[in-house]
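Enquirer: Sequence below, structure please.
(chains A and B)
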Amino acid sequence: MALFQYIVGRFVSYFVVLFIGLTITFFLPRLMPSDPIEQYIFELQSQAGQTMSPDEMANLRETLSQIYGLDGSLVSQYLGYLERVILHFDFGPSFASFPAPVIGFIVRALPWTLGLLATTTLIAWTIGNLIGLRAGYHHNSRAATVMEVVGVALYPIPYYIVALVLIMVFGYLLSIFPLTTTIRPGPLTFAKMRVILYNSVLPALSIIVVGLGWNILSMKALSFAHKEEGYVTFARLKGTPSRTIMNSYVGRNSLLPQITGLTLSLGAIFSGALLIEILFSYPGMGLLMRTAASSGDYNMLYGTILVTIFAVATATLVLDLIYPVFDPRIRYR
Amino acid sequence: MKMNNRLKIGIVILTIMVLGSFLLPLFHNADPTKQGTFPKNLPPSLAHVLGTNSLGQDLFWWLVYAVRNSLILGVSVSIFTTLIAGTVGLTAGYIGGGSDRVIMTLTDVIIAIPVFPILIVLATLVRGQTSFLIVSVILIFFGWAWGARRVRSMALSLREREFINVAKFSGSTTLKIVFREVFPYVFAFMVVDFINAILWVINTEAALAVIGLSNVEIPTLGSIVFWALNYNALFIGQYMWIVAPVVATVVLFLGLFLTSTGYNQMYATRRGHS
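Expert: Below you'll find the predicted structure:
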């Protein structure tokens, strides 16, 4: 029964997140003083270098408000928006490359972001926890102190700084890795996979380096605290090998808050990955957002931000649903 | 109360950064962003400690103003987020019940929404006129949730403690208990969260500025990097233009982080946990 309640609770908060995300992206642009349609018309005119007759202008305005879903009352706009987005994943056409639908661009970009994020987060989390557990368990050794210093030095450094330093060292000074991503479209062959890997090393490394700091520090603190608990002393007294105590007693119990921590920081990690993509011109959601922002492609912007919120919420839900597998207290409450 | 090494190093770094960035501009009243004030691409010298960039701006002075502005933004936003976090966290944790459930759902939702894309959309909507006010409002809106979560769990565990019962039975009102008995314990956590919030605010604004979506006319730790990237500082061999802000950012962030963890450690020791 407890497990059932837990799962229902997770699903409820999942849908609340999605609903609030949808609502924010609907109302945010409408609260702003600037009108995207006027801006778009202004841009068209300045690009064409001539003005339109009032009739043509009125026609254009009407067509644009239909495409943007800006006709009718606020309530009907909102309902229409919810229907299109939830039922058909329809974010409208892109304006920078009219009339290609936004969703096509997102479908092409999303695998890059998810692939980069899933790999790097998994690597940073696993390595960070392995190091943190050892540093916390053998907290008096010199290696533990070194690892803690590494963690403290890495943790507060922002993503873009790590990216800049990696670009400077490996791109300019050593010229081992490319400065920006260049991956030609085409079928996925073995040679292309090598190109992709080669181009992904620096962006991936940036995300891993930042993630490592947090994981090491927090796992070290947790395993150090667990090591002092009575059940560990008891295990030691009854002769359990030190390795077993570290992995199955201290490690197992410290892992649970680390999973929760990962779940809660997914949003922040995603934000960081978007920035990294922009800095390395990596063809994912972040770059899509940046190009949409500079070309004033509003449909594309709202589409990408919604899919981002959806992706983070879904990843959080999946982690939440796996959690009871690791924590029996939720299964048998 | 004995200060640990982390706290000492952190406070020394912060003192130098704060005093330097707030006092030095008093002896220098030129606008660091004005182009062509000095000859271009000068190497570091006594007159220009970090040299000048290819826009003829003195890098050292630009950096001083950048640190100051980033700190002002960070501290002023964090004051609001910490106050909201404290109020909300204490309400949810100590008073509990229905308000707790609603508030916890709300914080979970806010934590789950990535802030950066929302800031990108906003910056696009206001097109080149991104004011610090708009950025601050969004950062306050999304920034309080983490702190509130921590204050709430702290208050929740305090509620069951003996001295709270003593206060309750001797006739204290709920408000009095929250302020006199619970707050002093939560206060140390709020200081730590305050410093962490400063880190987060400076970082987020800088990230937005680096890709040119914040107000890049005002010197901050992000906008200096934006201009350097924009003028291909690395290609033209202007390493100082990138290295200087990177070093300044790392040092400032280390100072903030060491202060927050050092303070946390000191309070943990005083409370009797090591």
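Enquirer: now residue 40, what's its secondary structure?
Expert: Unless you meant another one, I'm taking chain A. helix (DSSP: H, G, I helix; E, B strand; the rest coil).
Enquirer: right idea, wrong chain: chain B
Expert: What three-state DSSP gives for B:K40 is coil.
Enquirer: Any idea how many residues pack against it?
Expert: As a burial measure, B:K40 scores 13 neighbours (other CB atoms under 10 Å in any protein chain shown). (Each C-beta comes from the backbone N, C-alpha and C, glycine too.)
Enquirer: And A:V152, by the same measure?
Expert: A:V152 has 17 neighbours, counted by other CB under 10 Å.
Enquirer: Let me see the contact set for it.
Expert: A:V152 sits next to A:G213, A:L217, B:R6, B:L254, B:F257, B:L258, B:T261 when contact means CB atoms under 8 Å, 6 or more residues apart in numbering or on different chains.
Enquirer: List the buried residues of the one helix or strand it maps to.
Expert: According to DSSP states H and E, A:V152 maps onto helix A:142-154. By 16 or more other CB atoms under 10 Å in any protein chain shown, the buried positions in helix A:142-154 come out as A:A144, A:M147, A:E148, A:V150, A:G151, A:V152, A:L154.
Enquirer: and what of stretch B:242-259?
Expert: Neighbour-count burial for stretch B:242-259, counted by 16+ other CB under 10 Å, picks out B:242-246, B:248-250, B:252-259.
Enquirer: Keep only those of the contacts of A:V152 that are in helices.
Expert: Counting by DSSP state H, the contacts of A:V152 place A:G213, A:L217, B:R6, B:L254, B:F257, B:L258, B:T261 in helices.
Enquirer: Can you name the residue of the stretch 51-200 of chain A nearest chain B?
Expert: Of all residues in the stretch 51-200 of chain A, A:P156 sits closest to chain B, with a separation of 3.7 Å (CB to the nearest CB).
Enquirer: Show the backbone phi and psi for that residue.
Expert: Backbone torsions for A:P156, taken as degrees, to the nearest 10, come to phi -80, psi 0.
Enquirer: Likewise for B:N53?
Expert: Here is the backbone geometry of B:N53 (degrees, to the nearest 10): phi -100, psi -170.
Enquirer: can you give me the strands in the stretch 1-150 of chain A?
Expert: With DSSP state E, counting those that start in this stretch as the criterion, the stretch 1-150 of chain A has no strands.
Enquirer: what does the stretch 151-300 of chain A have sitting close to chain B?
Expert: Within the stretch 151-300 of chain A, the positions near chain B by CB under 8 Å from any CB of the partner chain are A:152-153, A:155-161, A:164-165, A:167-168, A:172, A:264, A:266-268, A:270-272, A:274-275, A:278-279, A:289-290, A:292-293, A:296, A:298.
Enquirer: Please spell out which residues along stretch A:243-257 are buried.
Expert: Those buried within stretch A:243-257 under the rule 16+ other CB under 10 Å are A:I245, A:M246, A:Y249, A:V250, A:G251, A:N253, A:S254, A:L255.
Enquirer: check contacts around the closest residue to the first one other than its chain neighbours.
Expert: Leaving out its chain neighbours, the residue that sits closest to A:I245 by CB to CB, 6 or more residues apart in numbering or on different chains is A:A235, at 5.3 Å. Taking CB under 8 Å, 6+ apart as the criterion, A:A235 is in contact with A:T244, A:I245, A:Y249.
Enquirer: Spatially central, which residue of the chain would that be?
Expert: Using chain A. Central residue of chain A (CA atoms, centre = their mean): A:F270, 1.8 Å from the mean position.
Enquirer: I was thinking of chain B, sorry if that wasn't clear
Expert: In chain B, the residue lying closest to the centroid (CA atoms, centre = their mean) is B:I198, at 1.2 Å.
Enquirer: Is it in contact with B:I79, as I believe?
Expert: No - using CB atoms under 8 Å, B:I198 makes no contact with B:I79, being 9.6 Å away.
Enquirer: Do a quick rundown of the helices in the chain.
Expert: Using chain A. Counting by DSSP H, chain A has helices at residues A:2-31, A:36-48, A:54-68, A:74-88, A:102-137, A:142-154, A:159-166, A:190-227, A:230-237, A:242-244, A:252-280, A:285-295, A:298-326, A:328-331.
Enquirer: wrong chain, I was asking about chain B
Expert: B:5-23, B:59-90, B:98-112, B:115-126, B:132-158, B:162-169, B:174-177, B:183-210, B:221-230, B:239-271.
Enquirer: returning to that earlier point: reformat the ones in helices among the contacts of A:V152 as JSON lines; add distance to A:H139 and pLDDT.
Expert: Converted to JSON lines, the ones in helices among the contacts of A:V152 look like this (distance: CB to CB, whole Å; pLDDT from 0 to 100):
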{"residue": "A:G213", "distance to A:H139": "18", "pLDDT": "88"}
{"residue": "A:L217", "distance to A:H139": "13", "pLDDT": "88"}
{"residue": "B:R6", "distance to A:H139": "15", "pLDDT": "86"}
{"residue": "B:L254", "distance to A:H139": "22", "pLDDT": "91"}
{"residue": "B:F257", "distance to A:H139": "20", "pLDDT": "91"}
{"residue": "B:L258", "distance to A:H139": "19", "pLDDT": "91"}
{"residue": "B:T261", "distance to A:H139": "15", "pLDDT": "87"}
